[in-house]
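Trainee: Whatever this is, show me its structure:
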Amino acid sequence: MTGPAGDNPSVEPVASCGPPPPDGSTDQRSGGTARHSILVVRALLRVAGAAALAALVLGACGGGIVDTSRTSDPAADPAVTTATTNRPAPPAPALPVDPAVTIGRLENGLTYYVRSNGAPGGNLELRLVVAAGSLEQEVAGSGVAHFVEHMLFNGTVGFPGNTLTQTLEGFGMQVGADVNAYTTCEATVYSLSVALDGADSAATAFDVLDQWASAATIDPAAVADERGVVLEEYRTTETVSGIISARFDETYTAGSMYEDCDPIGTGEMILATDPADLRRFYDQWYRPDMMAVVAVGDLSVDRLEQEIADRFSDNVARSGRPAPRPRHADPITGALAEVIVHPDAPSPFVSIDLSLADRDPGTAAGERASLLDGLVSSLLQYHLDEQVAAGGLEIVRPFAIDFAYTDELRFLGFNYVAADEAGSVSVLLIELRTLAEHGFQEVAVERQVAVFQKALDQALAGAATRQDQMFADTYVRHFLTGADIDEATALHTRLSAMLASITTDEVSAHFADTMAVAGPLVIVVGHDATGLPSVAELEAAVREGRTAVLGDRLPTATAAVDSLMDTPEPVEPIEVNPLPTHDAVEFVYANGARVIAGWSEIAEGQVDLWAEAQGGWTLLAPGDSALVDHVTGAVDRSGVADLTAIQVEAFEQSTGAWLMSMIGETTEGFMGSARSTDQEALFALLHARITSPRVDGPAFAEAMEAITNLRRAVEADPYAASMVQTFSARYGGDTYLRLFPDESQTGRFSPDSALAIYESRLGDVDDLVIAIVGDTDIDTISELSDRYVGTLPRGVPDTWLDLAPQPPTGIVTRAVQAGANDASAGFDLLIVTAVEPTERLIAAARVVERVLETRLFATLREELAMSYSGAFVSVQVVEHPLPLAVVYVSVDGNPTGLGELHARTLAEIADLATGGTDPDEFERARSTVLVDLDFVTNGDLLKRLIAWGRSHGADSATVGDRYDEVMALSLSAVSETAALLLPADRRIEVFRTPGAELPAGHSRSGMADVGTTGAGTG
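Mentor: Take a look at the predicted model:
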C-alpha cells in the first residue's frame, strides 16, 4: 500500500485507499477525501476493519518497472488457474434487491431509484448519475468529461449563468469546489442534499437535476471564463503529492483500459478544449439511457416517482447512441520495482501491492471473493503486527489492506517504513510466501471470522438509522456496478451464512492464489537518493524475495483474551443528578470523576464516549506541547498491564470498542466508541488506560517515525511551514506552543519519558467529566460507571495555567516557499480578536463564516478564475485559555496573481466588516448554517454534555438551543459581529510564494521566525 497521505505528502505515508487525488479530493469538484492522521485511520480500521462488510470492499494503495504484464489470455500464463469452457458462461444471477427501494425505468430509458426514509428526517438526497466518464472521451487525457461537469454549474436554460449557486444556497446547500459533483473514469455524478423546510425546495431540486440532464447551455464565453478555474484545479496536480500520485497511477493502470485516464486531463488539453468538444460529449453521453436519478428522503415513494416522471419523461437523446467502453481490467502478473525521488517528498516509505482479479460486486461469487479479500487483509495485518512485536520483522507501522483503485482495478496493498528498504522488501515477500505456502492458522481465521460476524451484527443493529445519504450513494454504486442493495435483515442472513461457510483452507487458498498470480509492485518513495536503494538493488531484493528457499511454518498466533481485567467491585456515586434539558443523568463519584449519560437514537447499536479534564499541556514542561500527540499515540498502540498490544488489539477487534487518549492545550481526556452489546469493553479500556498504561517498543518506534515525518513536513511542505510561521507569529515564537520536537527533545524522548508525561496528565482523575451518548440505558451506564469509573484512583486537583500570550497587534507578514512547481502557492490569514463569548456571538460567527466563504468563492474563483477552491474560512469562538474569536482564511491560487488574490480577499473582508451583509445573502447563509445544525450526531450531543460538565451547568446550551439561536439572528447582529471579528488593522498573514518572495508592495514584518527550512525571516 502506498502514496502520500491526503494532499500533504510530508505528513505521513499513506493510510487510506490508494494514492489520493493530488488535491486531496475525489476526482473533480466533488466531495473531498477526509484528511485523517494515519494514527486515527489505523486505529479505526483495526478496530472496525471488518466493517468493510458494509460494502464488502476496503480501499487501499500501490506502485517502476522491471516487468509489468497483464493477463488477457489466462491460458497463456501457467500460473493462472481458471475455469474454461467452449462457450460463454451464462450471466450470474444478480443479488437480491431491498423491496423498500423502487427501481423503475421511464420509456426513454432513464433508470430511477426512489426510497422513502426518515433518517435524518426533513431531508432529501438526490443524485444524477451519468454512466459515462473519462473513458468515453474521444481523446484520452483530454479532460472533456470533467470540463463538462464544471460547465453544468455555469448555466442551463432554466438557470442561466451562476444563478444556480444562489438557487442551491436558497434551500440550504453549501456550494463550492469539491461539494456537488465528481467525475471518474467510469461515471459523472451530481449530488444535491435538500432541507425540506420550504414548500418549493423539493420541486426546485428536481428541476435542477433535470436541467443538468438535458439543458446545459455551454456558452462559449462561460467556457472561456471557466477554463481558468479548471487550470487552477489542474495546478493542484503539480504538487509533490500530485507528482508521486501520478507515478503510482502509471503503475496501477499501465496496459489497461485505464491507462492515461486522468479525469482532469493535461494543461495543454484543457487549453485546447473548445465549446464544440464539450457540447459533443454532453449530447452523446448525457442521454436518458445512460442516466439514473436517485431520490431518497422524507417524502412518499409516490411523490418521488411523480417528481421524476414529470421532469424526465420528455428527455430524449440529442445525438447518436454510442456504446460506452466495456469495463474490464486483467490482473497484473509481472513484477515491478521503482524508486521515486523528489526533493519535497516525505520521509522514505515502502509500498508493495499485489494485483487482484476483478470482483463482480453484483453476484454472490463476487461478493464471496470480496469477503475473502477482506479476511485475508485483516489476517495479514494481524500477522505483521505480531511479527513486529516479536522482533521478527524490522519494520515500522506495517499496514495491510485490500482496495479498489477503480471499479475494475483491485489490489492487496502494504505500506511500511524500514531502515533498510531493499532488505525489508525481500524479507516481507518471503514472509508472505511462507504464509501462502503453509496457510493461515485455524485459531487466527476463527478469530477474524468472529470479528467480521460481529461487524455484520452491528451493521444490522444500526440499519434502522441508516441515513438518506448512505442509501443514495449505495444506489449510485448499484446502478454503476451492481453493488449489493439487499434488505438489511436478508443481507445479514445471507452474509452470515456465507461467512460461516468459509473455512481456513478456503481463506488460505484464496491468498495462495493471489501470491501465485500477482507480481509484486514495489515502490520506494523518498527525498534523498543517497539514502535510498537503487532500482537495481530493489529489483534484486524483489527477485530474492520471490525465489529464496522458504523456512518452516511461522509461529503460532497470539492467544486472544476475553477481558482486560477482573471486574472491579462497584463504588456507588455520591450524587445522582437528572439533567432534564439534556435528557441525561449525572453520576458524581468521590474520586472527583463524573459521568453524564444520555440516550440517543441517532445511531442504533452504538455508544459513544467523550471524557475531558482540566489541565492539558499548560501543566507540562515548556515545549512539551510538541510531544503530547506522540505520547498519547504510543500509549494507545501499546498493551495494558500484563497484556501485549496484540492482545489488546484482538480484544478491541472482537468487541468493536476503541479508545483514543488526547492531551490538549487546557484539557486532557479520551474519546471512544463501542457496540451497544459491548459497552463494558469500552469502560474497561478507559479504566485500563488510566490505571495500567504502557509504552511498548513497536509503538514507541511508530511515535519516533511520526516525529521524523513531522519534522520532514516542516522542511518540505508549504502548508506545514506556513502553519509553523502562523503559530510562531501568533505566540511570539515557540516557547508557549511548539508544534514539533526539537533535536534536544527528540534525543531525550524515550518510552519511559513518554509514559511519565502520559501518567502525569491521564494517570488518575480529579475532575474528569465522562459523557456517554447512544443506544444504551441509564441502568447499564450506572452499573458500569460504578465499577470502572468510581474505582479510578483520585489525583491531586489541578487546572490549566493561564500562560497564553495575547495576540499580536498590527499586521505581521511572513513568507514560505510555494513547493514543487509553485503549485502550493497562496496565503493564510489569521485574525484573532478578544471577545466576550455568548451564544449569540457563536451563532452570528457561524453565519459570518458562511457569508465570507461564499463571497470569496464567488470573487476568487467565479470572477477572477485564479483559484480553484476560492477560500477555506473558519471562524471559531473559544473561551479558554483566552476568550477569543479566531478567524482563519486560507487561499490557494495562481502564483503569478497572488497580489491580486490577496488584495481582493482583503477587500471582501473589509466590505463585510464595514458594510455588513445584505438581506438575501444573510438568508442564504443562515439557511445553510441551519441545515448543518439540523443534522445532529452523537458527537454534537457529547460536546454539549461536556460543556455542561466542565462549566458545572453554566454552559447549558443544547444542540436545539444552538439551532434556535441561529434562527433568531437578525441581519444587524451578523453585521455587527462581522465588524467585531474582522478588523482591518490586525492580522497575521503568511504567503506561500515562489522563492518565499513576497508579492509586490508587501514587506516582512513582525517578530523573528523560528528556524525552519523554507520559512522567511521576520
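Trainee: Please enumerate the strands of the stretch 101-250 of the chain.
Mentor: 102-105, 111-116, 123-130, 181-183, 188-195 (DSSP state E, counting those that start in this stretch).
Trainee: Residue 701 is nearest to which of the ones you listed?
Mentor: strand 181-183 (38.1 Å; CB to CB). Where you see a C-beta, it was placed from the backbone N, CA and C, and this is true even at glycine.
Trainee: ok, the closest one: who's next to it in the sheet?
Mentor: strand 188-195 (antiparallel) (DSSP bridges).
Trainee: which residues are in contact with the partner strand?
Mentor: The list of residues contacting strand 188-195 from outside it, by CB atoms under 8 Å, 6 or more residues apart in numbering, reads 30-31, 122-130, 132-133, 145, 148-149, 152, 168, 171-173, 180-182, 201-202, 205, 208-209, 212, 297, 469, 472, 476, 927, 930-931, 934.
Trainee: quick revisit: want to throw the strands of the stretch 101-250 of the chain into a markdown table with distance to residue 862, mean neighbour count and mean pLDDT?
Mentor: A markdown table is the format used below for these (distance: least, CB to CB, whole Å; neighbours: other CB atoms under 10 Å; pLDDT from 0 to 100):
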| stretch | distance to residue 862 | mean neighbour count | mean pLDDT |
| --- | --- | --- | --- |
| strand 102-105 | 37 | 14 | 98 |
| strand 111-116 | 32 | 22 | 99 |
| strand 123-130 | 22 | 24 | 97 |
| strand 181-183 | 16 | 25 | 96 |
| strand 188-195 | 18 | 24 | 95 |
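Trainee: for those, which one sits closest to residue 778?
Mentor: Counting by CB to CB, residue 778 lies closest to strand 123-130 out of these; the figure is 30.0 Å.
Trainee: Centre of the chain to the closest one, how far?
Mentor: Between the centre of strand 123-130 and the centre of its host chain there is 22 Å, according to CA atoms, centre = their mean, to the nearest Å.
Trainee: so what secondary structure elements neighbour it?
Mentor: Packing partners of strand 123-130 (3 or more CB pairs under 8 Å, 6 or more residues apart in numbering; DSSP states H and E): strand 188-195, helix 201-214, strand 291-297, helix 468-481.
Trainee: Now, of the contacts of strand 188-195, which are buried?
Mentor: For those, a neighbour count by 16 or more other CB atoms under 10 Å gives the buried set as 30-31, 123-130, 132-133, 145, 148-149, 152, 168, 171-173, 180-182, 201-202, 205, 208-209, 212, 297, 469, 472, 476, 927, 930-931, 934.
Trainee: Tell me which of the helices and strands packed on strand 123-130 sits nearest to residue 445.
Mentor: helix 468-481 (28.4 Å).
Trainee: Give the rounded mean pLDDT of stretch 672-687.
Mentor: Across stretch 672-687, the average pLDDT comes to 98.
Trainee: What is the end-to-end distance of that stretch?
Mentor: 13 Å (CA to CA, to the nearest Å).
Trainee: ok, and what's touching it?
Mentor: Defining contact as CB under 8 Å, 6+ apart, one finds that stretch 672-687 is touched by 454, 457-458, 461, 563-565, 568, 604-609, 611, 651-652, 655-660, 670, 770, 774-776, 780-781, 784-785, 787-789, 791-792.
Trainee: Could you tell me which of those residues belong to strands?
Mentor: Using DSSP state E, 606-609, 611, 658-660, 670, 770, 774 are the members of those that sit in strands.
Trainee: Quick check: mean pLDDT of stretch 605-622?
Mentor: Stretch 605-622 carries an average pLDDT of 97.
Trainee: And that stretch, what's buried?
Mentor: 605-620.
Trainee: How about stretch 633-641?
Mentor: Buried-residue list, stretch 633-641, by 16+ other CB under 10 Å: 633-640.
Trainee: Just give me the closest of the residues you listed to residue 488.
Mentor: Looking across the buried residues of stretch 633-641 and measuring by CB to CB, the closest to residue 488 is residue 636, at 32.4 Å.
Trainee: Thought residue 662 was touching the closest one, still the case?
Mentor: No: Residue 636 lies out of contact with residue 662 (CB atoms under 8 Å); the separation is 9.4 Å.
Trainee: All the helices of the stretch 851-1000 of the chain, residue numbers only.
Mentor: Here the stretch 851-1000 of the chain has its helices, by DSSP state H, counting those that start in this stretch, at 898-915, 919-934, 938-950, 959-967, 971-981.
Trainee: Dump these to CSV, plus distance to residue 990.
Mentor: Converted to CSV, those look like this (distance: least, CB to CB, whole Å):
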stretch, distance to residue 990
helix 898-915, 11
helix 919-934, 27
helix 938-950, 30
helix 959-967, 32
helix 971-981, 20
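Trainee: which stretch in those is the model least sure about?
Mentor: Across the helices of the stretch 851-1000 of the chain, helix 919-934 gives the lowest mean pLDDT, at a mean of 94.
Trainee: Can you spell out which helices and strands pack onto it?
Mentor: Secondary elements touching helix 919-934 (3+ CB pairs under 8 Å, 6+ apart): helix 163-170, strand 188-195, helix 839-856, helix 959-967, helix 971-981.
Trainee: any chance of the ones you listed in JSON lines, plus distance to residue 485?
Mentor: Converted to JSON lines, the helices and strands packed on helix 919-934 look like this (distance: least, CB to CB, whole Å):
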{"stretch": "helix 163-170", "distance to residue 485": "27"}
{"stretch": "strand 188-195", "distance to residue 485": "16"}
{"stretch": "helix 839-856", "distance to residue 485": "35"}
{"stretch": "helix 959-967", "distance to residue 485": "32"}
{"stretch": "helix 971-981", "distance to residue 485": "43"}
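Trainee: Wasn't residue 337 part of a strand?
Mentor: Yes: Residue 337 forms part of a strand when assessed by DSSP: H, G, I helix; E, B strand; the rest coil.
Trainee: Quick check: the closest residue to residue 622 other than its chain neighbours vs residue 810, distance?
Mentor: The shortest distance from residue 622 to any non-neighbouring residue, by CB to CB, 6 or more residues apart in numbering, is to residue 735 (6.0 Å). Separation of residue 735 from residue 810 (CB to CB, to the nearest Å) stands at 20 Å.
Trainee: cool, and residue 760?
Mentor: Relative to residue 810, residue 760 is positioned 38 Å away (criterion: CB to CB).
Trainee: In CSV, list the strands of the stretch 101-250 of the chain along with distance to residue 242.
Mentor: Listed next are the strands of the stretch 101-250 of the chain as CSV, based on distance: least, CB to CB, whole Å:
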stretch, distance to residue 242
strand 102-105, 39
strand 111-116, 35
strand 123-130, 26
strand 181-183, 17
strand 188-195, 21
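Trainee: Can you check the pLDDT for the residue nearest to residue 481 when sequence neighbours are not counted?
Mentor: For residue 481, ignoring the flanking residues on the chain, the nearest one in space by CB to CB, 6+ apart is residue 361 at 5.2 Å. Here the pLDDT value assigned to residue 361 is 88.
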